[in-house]
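*Asks:* Need the 3D shape of this:
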Amino acid sequence: MKDHNKLDIYPSMVVADSQENPRAVEKISIGAQLKTIRTDNKLTLEEASKLTGLARSTLSKIENEQISPTFSAMQKLAAGLNIDIPQLFTKPKERQTTGRRDITLRNTGKAHVTSTYEHELLATQFSNKK
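*Replies:* Coordinates of the predicted model:
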């Protein structure tokens, strides 16, 4: 492990097991997790600021990894956003696309006639289409 410390510019980011085999400690990105939680709850920085009691600029700096939050700030974040503190330390979940496929062949769509146009509705099995 001593040789590894000479090569590593951040030796504090390395731990060793009982046989002294070094392994890197994964960096935790609290800012990314905070931003994910805030945006999933459809909150602006201003709204999150009012809920947590932290300044909007402080929240922005935490999200952009410009500062590390104090324990007191993390307590305010957890209380204001109605989460548990450990949620700030977990990796943000990768957004995965989930969905179905609906195929409408030519001239098989549902007819929809209005006073001005005749429409052929496509992908009618999907609701909440955008």
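*Asks:* State the distance from the most centrally placed residue in the chain to residue 45.
*Replies:* Centroid check for the chain by C-alpha atoms, centre = their mean gives residue 36 as the closest residue, at 2.8 Å. When C-beta to C-beta, to the nearest Å is the yardstick, residue 36 and residue 45 sit 14 Å from each other. For every residue, glycine as well, the C-beta is placed using N, CA and C.
*Asks:* go on, residue 106?
*Replies:* 48 Å.
*Asks:* Give me the more crowded residue out of those two.
*Replies:* residue 45 (17 against 6; other C-beta atoms under 10 Å).
*Asks:* Which of the helices or strands spans the residue nearest to residue 113 when sequence neighbours are not counted?
*Replies:* Nearest non-adjacent residue to residue 113, counting by C-beta to C-beta, 6 or more residues apart in numbering: residue 119, 7.4 Å away. Using DSSP states H and E, residue 119 sits in strand 118-121.
*Asks:* Go ahead and confirm residue 112 touches residue 122.
*Replies:* No. The pair residue 112 / residue 122 is not scored as a contact, 10.5 Å apart, by C-beta atoms under 8 Å.
*Asks:* Between those two, which has more neighbouring residues?
*Replies:* residue 122 (14 against 11).
*Asks:* All set, thanks.
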